[in-house]
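Asker: This is the structure alone, sequence omitted:
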């Protein structure tokens, strides 16, 4: 029995993956193109597509700040209230709200991309792959979790919980604020 703990995948597995992807890739690209054309037609006809509905929060996180910024740029009046004494105050409020919305909804992706624990966790998994050729010719593979890997994973998920709570609060605050100003979003 030979055991390979070098962290590299077998050449056989890479070849299978490479051939599978090259066979599947053109079909996937064709399906995605067809789906994107369908969704574009739905957006033109109905103003929203199936893809937008399936990921409604992301769709709204894109559309709402864009619409609010455009309203701030092109509107010529403001709601009568003590909070907004002038058009400039209303416009500045709308622009700040759109920025706040972007941070609450789009900031999550940026933090995930920059998260050092995620990058370290990704690099830590590579040397933990084991491959063993059995006496009967079969191959066994598994991942061994070291103490360092377990500790890193624990830190990563603690950070993710913390970020999730932070962004959940920010999103809830944005929705509440949108509910307060929604009747005044007109030109």
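Answerer: Good, I have the coordinates. Since this is a predicted model, take the numbers as computed values, not measurements. Numbers count the residues shown, from 1 in each chain.
Asker: gap between residue 54 and residue 26?
Answerer: Going from residue 54 to residue 26 by Cβ to Cβ, to the nearest Å gives 25 Å. Yep, even glycine has a C-beta here, placed from its N, CA and C like the rest.
Asker: This structure: helices as residue ranges?
Answerer: When assigned using DSSP state H, the helices of the chain occupy the ranges 11-46, 50-54, 56-74, 87-114, 116-125, 147-181.
Asker: check contacts around residue 89.
Answerer: By Cβ atoms under 8 Å, 6 or more residues apart in numbering, the contact set of residue 89 is 78, 83.
Asker: change it to 6 Å
Answerer: By Cβ atoms under 6 Å, 6 or more residues apart in numbering, residue 89 lies in contact with nothing.
Asker: returning to that earlier point: which one of the helices of the chain lies closest to residue 138?
Answerer: Closest to residue 138 of the helices of the chain is helix 11-46 (Cβ to Cβ; 12.6 Å).
Asker: Averaged pLDDT, that closest one. What do you get?
Answerer: In this model, helix 11-46 has a mean pLDDT of 72.
Asker: Same question for stretch 140-160.
Answerer: 76.
Asker: Including distance to residue 132, could the helices of the chain go into CSV?
Answerer: Compiled in CSV, the helices of the chain are given as follows (distance: least, Cβ to Cβ, whole Å):
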stretch, distance to residue 132
helix 11-46, 14
helix 50-54, 42
helix 56-74, 43
helix 87-114, 34
helix 116-125, 18
helix 147-181, 19
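Asker: Which one of those lies nearest to residue 135?
Answerer: Of all those, helix 11-46 comes closest under Cβ to Cβ, at 18.4 Å.
Asker: Now for residue 88, how many residues are close by?
Answerer: Residue 88 has 10 neighbours, counted by other Cβ atoms under 10 Å.
Asker: Please tell me how far it sits from residue 100.
Answerer: Separation of residue 88 from residue 100 (Cβ to Cβ): 18 Å.
Asker: Same check on residue 56?
Answerer: 20 Å.
Asker: Between those two, tell me which one has more neighbours.
Answerer: The residue with more neighbours, out of residue 56 and residue 100, is residue 100; 15 against 10, by other Cβ under 10 Å.
Asker: quick one, phi psi at residue 47?
Answerer: phi 90, psi 0 (degrees, to the nearest 10).
Asker: which residues touch it?
Answerer: Going by Cβ under 6 Å, 6+ apart, the list of residues near residue 47 is empty.
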